[in-house]
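Peer 1: mind folding the following:
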Amino acid sequence: MAKNKTTQTEVDVFDFINSYVDNEQKKVDSFKLIELISEWSGFEPKMWGPTIIGFGSYHYTYASGHEGDAPMLGFSPRKAQFSLYVYSKTEKSDAILKDLGKFKMGKACIYIKKLADIDISILEQLCNESIAYLNEHHECACRTY
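Peer 2: Purely as a prediction, here's the structure:
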């Protein structure tokens, strides 16, 4: 079985942003995303792999038997655009996604150029819906017993 490449690391999130992100607005947006997602999730940011900033974690197992851990929510301040890992395919997420603003959808992530392009309240709803989905379907740090 292949080893999961995206695992939590000990790299400091703020050092990563200050050394990796070379655009001032992207740095400001990165720090704002950290503030918002920390508040919404209740988890502090941690580095996952070399470029993903994640919040909380959940354990998954695929039908193939492959399993691992992943951040509940996260983002990466890539060179061209942000990759937001905040989406779970639910009816509610699909219904509110149309109101997010200017974005492109990948298979499992949302791509945005800058925070000003999207509605932050819709982003919060997407994050909350994703946490609820993970809580219901996975062994999750978000689970309340």
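Peer 1: mind checking the SS state of the most centrally placed residue in the chain?
Peer 2: By CA atoms, centre = their mean, the chain has its centre lying nearest to G74, at 1.9 Å. G74 falls in the strand class when you classify it by DSSP: H, G, I helix; E, B strand; the rest coil.
Peer 1: I'd like the numbering to begin with 679 instead of 1 from here.
Peer 2: Okay, residue one is now 679; in that scheme the one you just asked about reads as G752.
Peer 1: pretty sure L751 is touching C787, no?
Peer 2: No - the pair L751 and C787 does not pass the contact test of CB atoms under 8 Å, sitting 11.1 Å apart. In short, each C-beta sits where N, CA and C put it, glycine included.
Peer 1: the more surrounded of the two?
Peer 2: Shown here are L751 and C787; by other CB atoms under 10 Å, L751 has more neighbours (29 against 17).
Peer 1: residue ranges of the helices in this protein, please?
Peer 2: Taking DSSP state H, the helices of the chain run over residues 691-698, 702-719, 769-775, 798-815.
Peer 1: the last one vs helix 702-719, what angle?
Peer 2: For helix 798-815 against helix 702-719, the angle between stretch directions is 50 degrees (axes from the mean of the first three to the mean of the last three CA atoms, to 10 degrees).
Peer 1: how far away is the residue nearest to the centre of the chain from Q803?
Peer 2: Applying CB to CB, to the nearest Å, the value for G752 to Q803 is 17 Å.
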